[in-house]
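**Q** need a 3D model of the sequence below.
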Amino acid sequence: MLVQERHEVVLGPDDPGLCNLGLVDDLLRLQLAAKRFGWTIRLTDVRADVRELFELVGLTGQLER
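**A** The predicted structure is shown next:
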């Protein structure tokens, strides 16, 4: 979900597909691009395997932004 002040825009499918480092890279790149335009990324209803992958690479805090 993209968030800017009171505006929220849902992005992409509910199912991120394969849970691998490519997914982590894609999400972090999307977050960086969003920040350039004053938006933030908020992930909702994160699957357990995705959360575990973010924990493994030390980026759990990125899920809550």
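**Q** for this structure, what are the low-confidence residue spans?
**A** 1-2, 11-17, 62-65 (pLDDT under 70).
**Q** 90 instead, please
**A** Where the chain drops to pLDDT under 90, the residues are 1-35, 37-55, 57-65.
**Q** now the strands for it?
**A** Along the chain, counting by DSSP state E, strands occupy 2-4, 7-9, 40-41.
**Q** so for the longest helix seen in the chain, what gets flagged as buried?
**A** Using DSSP state H to define each element, the chain has its longest helix at helix 21-36. Going by neighbour count (16 or more other CB atoms under 10 Å), the buried part of helix 21-36 is 23-24, 27, 31, 34. C-beta: built from backbone N, CA, C; applies to glycine.
**Q** for the residues you listed, which one is nearest Thr44?
**A** Leu27 (12.9 Å; CB to CB).
**Q** sorry, back to before: return the member of the buried residues of helix 21-36 nearest to Val9.
**A** Nearest to Val9 among the buried residues of helix 21-36, counting by CB to CB, is Ala34 at 10.0 Å.
**Q** wait, doesn't that closest one sit right on Ile41?
**A** Yes: between Ala34 and Ile41 there is a contact at 5.3 Å, judged by CB atoms under 8 Å.
**Q** mean neighbour count, the strands of the chain: which tops it?
**A** For the strands of the chain, the largest average neighbour count (mean count of other CB atoms under 10 Å) is found in strand 40-41, namely a mean of 16.
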